[in-house]
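**Student:** This is a predicted model, with the sequence first.
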Amino acid sequence: PQDTEIQRKMERELRLREGACKLLAACSRREQALEAAKSLLVCNSRVLAYMAELQRRKEAQVLRRTTRRPSDAGPADERLPCRGTVCISDLRIPLMWKDTEYFRNKGELHRCAVFCLLQLGAEIHDTPMVLVDRTLTDICFESAVLFSEAGPDFELKVELYSAGLEGDAAQGSTPRKLATRLSTSLGRSAGKRVRAAMDGAPGSPPGNGGTSPLLLPAPSVPGPKFHLLAHAVLSLAEVQDGFRTHDLAIASNEESSFWLPLYGSMCCRLAAQPRCMAAPVTSGFLRLQPPGAEAQSGARLYCVLRGTDLLCYHDPGEAEAGLEPALTIAVNKETRIRAAEREGRGQPHGMAVTNRYGGEEVTHTLLAESRAEAQRWMEAFWQHFYDMSQWKQCCDELMRIEVPPPRRPPAMLPRQGSLYHEMAIDPADDIEAVTDILTRRAGGRAPGTPPWLSLFEAPPLHAPASGRTGSPSPPTRRPWGRPRTLSLDAKLSTLKGRGSRRAAPPSHPSPSSSSSSGSSSPATERDTPV
């Protein structure tokens, strides 16, 4: 079943790899090409890791079949340590820029896209991609990465990959752009032949232009390439409940386009939680026998072996509710366990737990209900001691493990809207909105009175005595809703037309409006020809 699960994961990664290749050949934006190239590298690494895991398991099966003989009737005494969770977080890689590059901001601007690949056995995780230039002093990957099936002999490989961003020459659409320019410059008939030779027909062999163009020989997969920049291997000896500096082996030189001035070290927090420390090992009822008392006397307690303690409760409900135990017996590397078995019918079976407190030994005698129950507890204690001896400092106290947040898709840069899309002018007299937008676009400087503002400063007309008038009725304000988007030219032309209609005298003035027309405004007198 485990081999079938690995094969299923391998098939999934192969499908993702095929999709990443197609996306890398089709995408035109740099961010998309970098993410596709990163996905391709991660898929290739996972496929290789799954193949190595399958090969290792097959070799182990063959080795067990050849070493085990029919004469070996007894079970092999092979005690295996428990598994655990390994967490690496707050990964920081310092950079060592030159003084002229960092402080004076001189020299050629060198930019790279970097990410980390973390591998423990057949499990591989990747970090988000970070763009690095000379303005950064550290490459930071703050999110936590968990490996839930680690053994005490684990080797965590940390690999830093980088891709240079010198220009758009590494884009996968570069041959296609060049083919388009050639086809448009050479003419229609000659351009079609050149375009067909560079693109190639679908399904044709690479030599004939299927996947590799003739004029520009490209690699098997076009687009940006990530290269190994540095790597490190972390083991159980580097586990510590705190930040620690580790050596980093640099795998590139200064002449490489993807090179970054690494300091040669990295800082991270590497923690581990064995299952014997995080989860209960065993539980059941035991009778605590007081010193010098009879065999059947003592309180019957519900005991739970977890971590460095044997927790004793009055009933299982207290343990499930997380209440304070009635008694706590230390179980650590210095604890001694011996069987407290007595011969004879009806005699209890149990164990004696001895600890040293302040230079004096204290022994707690725990009695089981049967011989089988006592044997089960003794086996659990021996396995627990073996796990603590293998995980070493991870069993001194329970280390804190950070839960990583859910992974988000890579964020794209938002496109800035134009001035046209920012204008939402619904009322006719809301010209102040245009002034505010222009003020914000000018950098916050308050401009003076613009010359075109006089076009909108028309005097208010007197209200007519009757409803029969030639002047248009004032526009009614609409209820607040979705504003319409109008351009500035359309707004100016509308208001100019209204000003000209206001300046023209009415052809048939009514008697009621004679008094109002006699007292014309100065603007109207200037517009009337003499």
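**Tutor:** Sure thing, it's come through.
**Student:** Look up phi and psi at the nearest residue to A380 once chain neighbours are set aside.
**Tutor:** Distances taken as C-beta to C-beta, 6 or more residues apart in numbering place T282 nearest to A380, at 4.0 Å, with adjacent residues excluded. From N, CA and C alone the C-beta is placed, and that goes for glycine too. Per-residue torsions, T282: phi -160, psi 170 (degrees, to the nearest 10).
**Student:** how near is T282 to L236?
**Tutor:** Distance, T282 to L236, by C-beta to C-beta, to the nearest Å: 25 Å.
**Student:** Would you mind telling me which of the two has more residues around it?
**Tutor:** Higher neighbour count among T282 and L236: L236, with 21 against 15, using other C-beta atoms under 10 Å.
**Student:** What are the boundaries of the helices in the stretch 51-200 of the chain?
**Tutor:** With DSSP state H, counting those that start in this stretch as the criterion, the stretch 51-200 of the chain has helices at 99-102, 174-186, 188-199.
**Student:** that older thread, I'd guessed the residue nearest to A380 sits against W382; true?
**Tutor:** No - proximity of T282 to W382 does not meet the contact threshold set by C-beta atoms under 8 Å, at 11.5 Å.
**Student:** any weak-confidence spans in the stretch 401-530 of the chain?
**Tutor:** Scanning the stretch 401-530 of the chain for pLDDT under 70 picks out 407-530.
**Student:** List the buried residues in stretch 51-71.
**Tutor:** Neighbour counts over stretch 51-71 (16 or more other C-beta atoms under 10 Å) mark 53-54 as buried.
**Student:** ok, now stretch 271-283?
**Tutor:** 271-277, 281, 283.
**Student:** Poorly predicted segments of the stretch 101-250 of the chain, please.
**Tutor:** 101-108, 166-221.
**Student:** in it, which spans are strands?
**Tutor:** With DSSP state E, counting those that start in this stretch as the criterion, the stretch 101-250 of the chain has strands at 112-120, 123-126, 130-132, 138-141, 145-150, 156-164, 227-234, 243-247, 249-250.
**Student:** Ok, the stretch 251-400 of the chain next?
**Tutor:** Assigned by DSSP E, counting those that start in this stretch, the stretch 251-400 of the chain shows strands spanning 265-274, 282-289, 299-306, 309-313, 327-330, 336-339, 349-357, 360-368.
**Student:** The first one packs against which elements?
**Tutor:** This means strand 265-274. Secondary-structure packing of strand 265-274 (3 or more C-beta pairs under 8 Å, 6 or more residues apart in numbering; DSSP states H and E): strand 84-94, strand 243-247, helix 371-391.
**Student:** JSON lines for the ones you listed, including mean neighbour count and distance to H125?
**Tutor:** Output for the helices and strands packed on strand 265-274, formatted as JSON lines (neighbours: other C-beta atoms under 10 Å; distance: least, C-beta to C-beta, whole Å):
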{"stretch": "strand 84-94", "mean neighbour count": "22", "distance to H125": "9"}
{"stretch": "strand 243-247", "mean neighbour count": "12", "distance to H125": "18"}
{"stretch": "helix 371-391", "mean neighbour count": "17", "distance to H125": "22"}
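**Student:** follow-up on the earlier one: show me the two of the buried residues of stretch 271-283 that sit farthest apart.
**Tutor:** The most widely separated members of those, counting by C-beta to C-beta, are A271 and S283 (26.2 Å).
**Student:** hang on, the earlier thing: could I get the strands of the stretch 251-400 of the chain in a markdown table, plus columns for mean pLDDT and distance to Q393?
**Tutor:** Shown next, in a markdown table, are those (pLDDT from 0 to 100; distance: least, C-beta to C-beta, whole Å):
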| stretch | mean pLDDT | distance to Q393 |
| --- | --- | --- |
| strand 265-274 | 96 | 9 |
| strand 282-289 | 93 | 24 |
| strand 299-306 | 94 | 18 |
| strand 309-313 | 96 | 18 |
| strand 327-330 | 94 | 17 |
| strand 336-339 | 90 | 21 |
| strand 349-357 | 90 | 20 |
| strand 360-368 | 91 | 25 |
